[in-house]
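Peer 1: here is my input, please return the structure:
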Amino acid sequence: MKTRQSNKPKGGVLAVISLLMIGSAAIRVGLEAGPALAKNAEPTVKQAKPEGMEKLGAQELLTELLRREAALEKREAAAIDKEKALEIAEQAIETRMVAMQAAEENLRETLAYAEKAAETDLTRLTDVYQSMKPKDAAALFETMDPGFAAGFLSRMPADAAAGVLAGISPETAYTISVIMAGRNAAAPQE
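Peer 2: Residues are numbered from 1 along each chain as shown. Now for the predicted structure:
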């Protein structure tokens, strides 16, 4: 007896095709689901976002970062400008200090010259008064301010000053003597 073969497809071929399709679907799901799952998963290390940018999208984040960079560049330019202004001011101060030192030195020289000239004049006038006859000098000293007269008498040699003091009134002589005696009383002793 002969068995008849049926036109029925055998279960083995269909099973293989089904397995291949299921495998293909599993591979696709595995390949596409991996990145999708990685995007949705919580990161283990949180990236620090600038304050106030937690809910910004990528474009907004980029815009905000660019804005902050421009603000930093503007502040840096302002700081550079201030630094240049300080350098200019420092140079001006140096120039003025040099000019002030030169003016101070010039003033010192002028004062020294004036002091020397005044001293020369006083010495010459003292010499004139002490070379005068005591009676004539006494008449002049009687009319002088006592402080002024005391200055001249203290510069004269003692014998010339004594001759002048002897020729003026006792009251004026006393006043001049007190001024001369008290002139150095406040000076330090040591």
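Peer 1: what is the subsequent helix or strand relative to the host helix or strand of Met97?
Peer 2: For Met97, the host element (DSSP states H and E) is helix 58-131. Following helix 58-131 in sequence order, the next helix or strand is helix 134-143 (DSSP H and E).
Peer 1: C-terminal to that following helix, what's the next element?
Peer 2: helix 146-155.
Peer 1: which secondary structure elements does that following helix contact?
Peer 2: Contacts defined by 3 or more Cβ pairs under 8 Å, 6 or more residues apart in numbering; DSSP states H and E place helix 146-155 against helix 58-131, helix 134-143, helix 158-167, helix 170-182. For every residue, glycine as well, the C-beta is placed using N, CA and C.
Peer 1: now the angle from it to helix 170-182?
Peer 2: Counting by axes from the mean of the first three to the mean of the last three Cα atoms, to 10 degrees, helix 146-155 points 70 degrees away from the direction of helix 170-182.
Peer 1: tell me how far helix 146-155 lies from the chain's centre.
Peer 2: 53 Å (Cα atoms, centre = their mean, to the nearest Å).
Peer 1: and it, what's its mean pLDDT?
Peer 2: Averaged over helix 146-155, pLDDT sits at 90.
Peer 1: now swap in stretch 100-116 and tell me
Peer 2: 93.
Peer 1: do the same with stretch 18-33
Peer 2: Stretch 18-33 comes out at a mean pLDDT of 77.
Peer 1: what lies in contact with that stretch?
Peer 2: Stretch 18-33 has contacts (Cβ atoms under 8 Å, 6 or more residues apart in numbering) with no other residue.
Peer 1: quick one, grab the pLDDT at the residue most central in space within the chain.
Peer 2: What sits nearest the mean C-alpha location of the chain, by Cα atoms, centre = their mean, is Leu86, with 8.6 Å. As predicted, Leu86 sits at a pLDDT of 94.
Peer 1: just the one 10 residues further on next, same as before
Peer 2: The score at Arg96 is 95. That number is its pLDDT.
Peer 1: okay, now it: neighbour count?
Peer 2: 10 (other Cβ atoms under 10 Å).
Peer 1: roughly how far apart are it and Ala103?
Peer 2: According to Cβ to Cβ, to the nearest Å, Arg96 stands 10 Å off from Ala103.
Peer 1: just Val178 next, same as before
Peer 2: Taken as Cβ to Cβ, the span from Val178 to Ala103 is 42 Å.
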